[in-house]
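> what shape does this take:
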Amino acid sequence: MKKIIIFVLSIIFIVSCEQPNPPVKKSKTGICHKAGSRYYDQTKYFKKFSTIKDCIKSGGRLPKRR
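Alright, predicted model coming up:
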């Protein structure tokens, strides 16, 4: 029984792990950064988005410099 519980919890943990690098990050200042862009890796506090369009629709904007 104990092995089953550990197995189920392991599966839940694996499924619930978040994607480490989302395709688009919206910074605290509202700037949308695509993966591979200049400040993408430096952006530490962000909301995740799957597309740049979704990020912009949420009130974000593109960076002024690319």
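> measure T51 to A35 for me?
Noted for T51: a distance of 11 Å to A35, by Cβ to Cβ, to the nearest Å. Heads up, the C-betas are built off the backbone N, CA and C, glycines and all.
> for D54, same thing?
Plainly put, D54 is 14 Å away from A35 if you go by Cβ to Cβ.
> any common contacting residues for T51 and A35?
Common neighbours of T51 and A35, using Cβ atoms under 8 Å, 6 or more residues apart in numbering, are 23-24.
> how many residues are close by G60?
Neighbourhood size, G60 [other Cβ atoms under 10 Å]: 20.
> so which residues of the chain form helices?
Listed in chain order, the helices of the chain (DSSP state H) span residues 2-16, 52-57.
> in the chain, what spans have low per-residue confidence?
Low-confidence regions of the chain, defined by pLDDT under 70, span residues 9-20, 66.
> at 80 what do you get?
1-21, 65-66 (pLDDT under 80).
> would you agree K25 is in contact with Y39?
No: the pair K25 and Y39 does not pass the contact test of Cβ atoms under 8 Å, sitting 9.0 Å apart.
> what sits against G30?
By Cβ under 8 Å, 6+ apart, the contact set of G30 is 59-61.
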